[in-house]
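> compute the structure for the input listed below.
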Amino acid sequence: MRKTKYWISLLTAALVTCTTSIAGEWVELFNGKDLTNWENPYDWGKAAVVDGELHLTTEKSKWFLSTVSEYSDFIFEAEVKMPEGPSNSGFLFRSHKSKNKMFGYQAEVDPSPRNWSGGLYDEGRRRWFISPNRDHAESEEAKKQSINEFVGRIGDSFKRHDWNHFRIECRGDHIQIFVNGVMTTDIHDTEDAKGYIALQHHGEDGQIYRFRNIKIMELTDEYQDLLATGDFSEWTSVNGAPVEGWTIKDGVIERPALKEGQKRPGSIITKQHYKDFDLTFDWKISTGGNSGVKYRTIENLGLEYQVLDDGVHKDKNLSAGIYALVPAIDDKPFNPAGQWNSGRIIAQGDHVEHWINGVKVAEVEIGSDDWIERFNNSKYKKHEGFGTWTGPIYLQDHSDPVAYRNLRIKEL
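Reported below is the predicted structural model:
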């Protein structure tokens, strides 16, 4: 274990390296047939495979079913369905185990009226230390504020009587938890870098906890951090002039609100050019705001990941869609204005995907019949080669305040 250091990601720590981990291949941790990859470090508790599901029961008290292997940087996904009546569960990750004991990070599964599912609990150590901060807040007021902010994030995302999809992402000290596509926890903490994944049964006699679709993607390669320098030395305005009117502080790049009479600063671009890549980023739009992340650009033209306050704008070009070409799916997981959303763009050859909060919401194959029809009916139809150019990553100034962070790219 490492020395503890933690903070909420609303002000992400300044990054000191220019690379981080990205995705490998999905691996099933549960094959739906047997308990390969799993072991019980306790003298009690039973795990059984029933109709392709993993069922946990107990005759004594709380216990965890653990993976055999340890994991460091990864994306983990699983579905859980809780029994009726009293129950509580969680997914341990980067955790530690010994005889009849496990401890470490836990993504909470809380079907009680408290509804703290997706919170980050530190099993056997700091308990509720950050998301929400119930046990280490500096004051009662700070504790209440942290709890209220967390409850606002989870909302009604957890479905008490249905299957719930959990996603945990660990990249270095960056930890994110999603419940049914909604980001509930987004923090930095250096307590643990590697450990086991485990499924919790909270100890209620006769209660059956059900799990399925358990898989993991280890992160092994490297992204380039587009904000690694902490300044705009790797960025320019679209016309090549130095960046003005945007700010970078604590890893957050922002186009702030303008003062009366202040000139609009304009969009900004990376100095490096890209064509095939995997780009991940977080974005937060202002109320009524509009922005976008453009790519494969020439000057102000290019494919665009729409960044928008969907609560105000009601047209077809809503957030995470491929602007003016492919709208995002209707039921996408979306956090409203003033809250962070996690975005992802994959552009490889003719294939393009847009993601939001861990869910793919738009895709297209350039050159396909579908693309040709959409392109010929769009405002881009006069621009030959549109969608195939090599160009900078472009953050749009659309006259509204917007913030970005964690911009990381891997060339494919």
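
> P265: how many residues sit nearby?
P265: 16 surrounding residues under other C-beta atoms under 10 Å. C-beta: built from backbone N, CA, C; applies to glycine.

> the residue nearest to I393 when sequence neighbours are not counted: what's it in contact with?
Leaving out its chain neighbours, the residue that sits closest to I393 by C-beta to C-beta, 6 or more residues apart in numbering is T270, at 4.6 Å. Shown in contact with T270 (C-beta atoms under 8 Å, 6 or more residues apart in numbering): 226, 234-235, 392-394.

> which pair in those residues spans the largest distance?
Among the contacts of T270, the pair separated by the greatest distance (C-beta to C-beta) is E234 and Y394, at 13.6 Å.

> who has more neighbours, those two?
The neighbour comparison of E234 against Y394 (other C-beta under 10 Å) goes to Y394, with 22 against 15.

> pull the longest strand from this structure.
Ranked by number of residues, the top strand in the chain under DSSP state E is strand 209-225.

> helices or strands next to that one in the packing?
Helices and strands in packing contact with strand 209-225 are listed as strand 19-28, strand 53-57, strand 74-81, strand 164-171, strand 195-201, strand 402-411; criterion 3 or more C-beta pairs under 8 Å, 6 or more residues apart in numbering; DSSP states H and E.

> turn those strands into JSON lines, columns for mean neighbour count.
Output for those, formatted as JSON lines (neighbours: other C-beta atoms under 10 Å):
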{"stretch": "strand 19-28", "mean neighbour count": "15"}
{"stretch": "strand 53-57", "mean neighbour count": "19"}
{"stretch": "strand 74-81", "mean neighbour count": "21"}
{"stretch": "strand 164-171", "mean neighbour count": "21"}
{"stretch": "strand 195-201", "mean neighbour count": "25"}
{"stretch": "strand 402-411", "mean neighbour count": "21"}
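
> for the longest helix belonging to the chain, buried residues please.
Ranked by residue count, the top helix of the chain under DSSP state H comes out as helix 140-154. For helix 140-154, burial by neighbour count (16 or more other C-beta atoms under 10 Å) applies to 143, 146-147, 150, 153-154.

> before we move on, back to that, which one of the helices and strands packed on strand 209-225 has the lowest average pLDDT?
Among the helices and strands packed on strand 209-225, strand 19-28 has the lowest mean pLDDT, at a mean of 65.

> count of residues packed around E353?
E353: 16 surrounding residues under other C-beta under 10 Å.

> for the one 5 residues further on, same thing?
Other residues within reach of G358 by the criterion other C-beta under 10 Å amount to 19.

> ok, now E260?
E260 has 4 neighbours, counted by other C-beta under 10 Å.

> is the residue nearest to I393 in a helix, a strand, or coil?
Here T270 is strand, with the state taken from DSSP: H, G, I helix; E, B strand; the rest coil.

> bridged to it, which residues?
Applying DSSP bridges to T270 yields these beta-bridge partners: W235.

> change the start of the numbering to 777 and stick with it
Noted, 777 is the first residue going forward, which turns the last one into T1046.

> and it, how far from K1155?
Here the criterion is C-beta to C-beta, to the nearest Å. By it, T1046 lies 24 Å from K1155.

> show me the chain divided up by domain.
If you go by automatic domain parsing, the domain ranges for the chain are 782-999, 1005-1187.

> which of these comes out lowest on mean pLDDT?
Going by mean pLDDT, the lowest-scoring of these is domain 782-999, which has a mean of 90.

> the longest strand of the chain - which strands sit beside it in the sheet, and in what orientation?
strand 795-804 (antiparallel), strand 829-833 (antiparallel), strand 850-857 (antiparallel), strand 1178-1187 (antiparallel).

> tabulate the helices and strands packed on strand 985-1001 (CSV), appending distance to Y897.
Below are those laid out as CSV (distance: least, C-beta to C-beta, whole Å):
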stretch, distance to Y897
strand 795-804, 24
strand 829-833, 18
strand 850-857, 15
strand 940-947, 13
strand 971-977, 10
strand 1178-1187, 24
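
> T1073: which of those is closest?
Closest to T1073 of those, according to C-beta to C-beta: strand 1178-1187, at 14.0 Å.

> for that closest one, output the C-alpha coordinates as PDB.
In PDB, the C-alpha atoms belonging to strand 1178-1187 read as follows (Å, rounded to 0.1, in the frame of the first residue of the first chain):
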ATOM      1  CA  VAL A1178     -17.200  25.100 -21.100                       C
ATOM      2  CA  ALA A1179     -14.500  23.000 -19.300                       C
ATOM      3  CA  TYR A1180     -12.500  19.900 -20.300                       C
ATOM      4  CA  ARG A1181     -10.100  17.700 -18.400                       C
ATOM      5  CA  ASN A1182      -8.300  14.300 -18.700                       C
ATOM      6  CA  LEU A1183      -7.800  14.700 -22.500                       C
ATOM      7  CA  ARG A1184      -5.800  11.600 -23.400                       C
ATOM      8  CA  ILE A1185      -5.100  10.200 -26.800                       C
ATOM      9  CA  LYS A1186      -3.700   7.000 -28.200                       C
ATOM     10  CA  GLU A1187      -2.800   6.900 -31.900                       C
END
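
> among the helices and strands packed on strand 985-1001, which is nearest E1075?
Going by C-beta to C-beta, the one of the helices and strands packed on strand 985-1001 nearest E1075 is strand 1178-1187, 20.3 Å.

> before we move on, back to that, in the longest strand of the chain, what counts as buried?
Within strand 985-1001, the residues that count as buried by 16+ other C-beta under 10 Å are 985-990, 992-995, 999-1001.

> any idea how far it is from the middle of the chain?
Mean-position distance between strand 985-1001 and its chain equals 12 Å (C-alpha atoms, centre = their mean, to the nearest Å).

> now the closest residue to G894 other than its chain neighbours: which helix or strand?
Counting by C-beta to C-beta, 6+ apart, T960 is the residue found nearest to G894 once chain neighbours are left out, at 3.0 Å. Using DSSP states H and E, T960 sits within strand 958-965.

> re earlier: ok, the residue nearest to I1169 to E1149 distance?
From T1046 to E1149 the distance is 32 Å (C-beta to C-beta).

> likewise Y1050?
Per C-beta to C-beta, Y1050 is found 27 Å from E1149.
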